[in-house]
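Undergrad: prediction below, plus the sequence it came from.
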Amino acid sequence: MASDTASPKDRFLTVYGRKPVLEALADRTLTIDKVLLADNARAPEILRAARERGVAVQRATPQRVKVLAGNGKQDQGVLADVVAPRMRPLAAALASPPRTVLLLDGITTPANVGMILRTATAAGVGGIVVPRRGVAGLDPLVVKASAGVAFTAPVLRCYTAVEAAEALRAAGYPLVGLAADARATVFSAELPQRCAFVLGGETNGVSPEVRAHVSDWVSIPMAGGVESLNVASAAAVLCFELVRRSEAQQRR
Ligand SMILES: C[S@@+](CC[C@H](N)C(=O)[O-])C[C@H]1O[C@@H](n2cnc3c(N)ncnc32)[C@H](O)[C@@H]1O
């Protein structure tokens, strides 16, 4: 069963660096919880923009800002917590379970995570599990690749993909893995009404720990001797096949 993985960060996307924070402050569609500025940072333009928006600016040590931005990131002594209204812990989402869930397992390229968030949201997927460990963090690169959709995507948070797999199974979701070598195809397989689809990492695919929870596998058929698709492309094919099925069902 999933451990308690709720974190205050489950409500926010952290944007760091001067330009991304200024852009977030300039975007009136976003709700900014607060701006955190390093004690030694001079940033009059950010202070002005925050004041105009009525956003609280807190001071912290440069080390604290670095830790909160995720060590090693180019934070430039400033970050902002942007409210992501649909982002929540997986455990909370399972109280009123969405029909379709995507589980990202080991997808480490921010551009792929961002594109998946954008595509899956556009296809009406009810939840996209982005584990904190092993998957690219929800940072400005992800936000950029999602064209800003990351702020409003139905992101579900947990600690690891295997923890999510366990929680989803316990909540009655069969886990269907996507793999290029699966015999059944996403276009012809019988898929349960409520289902969690697992997308694997760029190099190693679905991890062995998560594989153990997968009950069925589906592939997207490929020609030309191609070994696999980019994971965001695979997600797009899957998501819009689900849209097609749902529309076909409504027509019946
Ligand atoms: C680049 S692929 C990983 C390739 C990796 N060498 C492997 O062994 O799986 C990343 C993920 O995209 C999905 N994927 C890529 N091509 C696919 C296909 N043709 N059918 C179904 N899923 C695919 C799978 O979930 C896969 O784990």
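TA: Received it, and whenever you're ready, just let me know what you need.
Undergrad: so where is the protein shaky, pLDDT-wise?
TA: Applying pLDDT under 70 to the chain picks out residues 1-6.
Undergrad: same thing but 80
TA: 1-9, 70-73 (pLDDT under 80).
Undergrad: helix, strand or coil for the spatially closest residue to Ala180 that is not a sequence neighbour?
TA: Nearest-residue entry for Ala180: Ser228, 4.3 Å, with adjacent residues in sequence omitted and distances by CB to CB, 6 or more residues apart in numbering. Where you see a C-beta, it was placed from the backbone N, CA and C, and this is true even at glycine. The local conformation at Ser228, judged by DSSP: H, G, I helix; E, B strand; the rest coil, is coil.
Undergrad: quick one: contacts for Ser228?
TA: Ala180, Gly205, Met222, Ala234 (CB atoms under 8 Å, 6 or more residues apart in numbering).
Undergrad: from the ligand, how far off is it?
TA: Distance of Ser228 to the ligand, computed by CB to the nearest ligand atom, to the nearest Å: 4 Å.
Undergrad: what's the spacing between that residue and Leu191?
TA: Distance, Ser228 to Leu191, by CB to CB, to the nearest Å: 21 Å.
Undergrad: my read: Ala69 touches Gln76, true?
TA: No. Using CB atoms under 8 Å, Ala69 makes no contact with Gln76, being 9.1 Å away.
Undergrad: have a look at the two and say which one is more surrounded.
TA: Ala69 (23 against 18; other CB atoms under 10 Å).
Undergrad: what are the buried residues along stretch 240-248?
TA: Buried residues in stretch 240-248, counted by 16 or more other CB atoms under 10 Å: Glu241, Leu242.
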